[in-house]
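Trainee: Any chance you can model this:
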Amino acid sequence: MNDYERKVLRILYNYKGIRRRFPTLHELTVKTGRNKADIMAALDGLIAENYIMWENKSDTANIVILEGWERESERPKIPEVPPPTRPNDLSYWTEY
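Mentor: Sure, this is the predicted structure:
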């Protein structure tokens, strides 16, 4: 799943949870800043990857979310950064 598909999925999931309905295509264009063709491509990608089901494409109200979050195996790997080391508190008084 690319970043834009992830964004559209999160918008769908959160919008449905807050407003109890899915956003219209126009509302998706406003929220994403993209055109209708880009949104349709993202929705088709979500369908292909089995995140949503949308059989009757006449209205976004017919969307069914199968998975609201990206799968663990698809998440980008963030390298672990060790915490910064700090000298003990006495070093300030003894070294400066």
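Trainee: who touches E55 in this structure?
Mentor: N62 (Cβ atoms under 8 Å, 6 or more residues apart in numbering). In short, each C-beta sits where N, CA and C put it, glycine included.
Trainee: Same question for the one 4 residues further on.
Mentor: The neighbours of D59, taking Cβ under 8 Å, 6+ apart as the test, are T24.
Trainee: what about it, distance to R21?
Mentor: 11 Å (Cβ to Cβ, to the nearest Å).
Trainee: I'd assumed R21 was in contact with A61.
Mentor: Yes: counting by Cβ atoms under 8 Å, R21 is a contact partner of A61 at 6.5 Å.
Trainee: For M53, give me phi and psi.
Mentor: phi -130, psi 130 (degrees, to the nearest 10).
Trainee: how much space between it and I47?
Mentor: 7 Å.
Trainee: ditto for M1
Mentor: 12 Å.
Trainee: again with R34
Mentor: R34 is 17 Å from I47, by Cβ to Cβ.
Trainee: What's the local residue count around L46?
Mentor: 23 (other Cβ atoms under 10 Å).
Trainee: which SS state does it fall under?
Mentor: With DSSP: H, G, I helix; E, B strand; the rest coil as the basis, L46 sits in helix.
Trainee: residue contacts, it?
Mentor: So L46 contacts M1, E5, V8, L9, I52 (Cβ under 8 Å, 6+ apart).
Trainee: Just the closest of these to L28, please.
Mentor: L28 lies nearest to V8 out of these, by Cβ to Cβ, at 6.9 Å.
Trainee: looking at it, that closest one is touching T32, isn't it?
Mentor: Yes: V8 lies in contact with T32 (Cβ under 8 Å); the separation is 6.7 Å.
Trainee: of those two, who's got more company?
Mentor: Neighbour tally, V8 and T32, criterion other Cβ under 10 Å: the higher count belongs to V8, 25 against 16.
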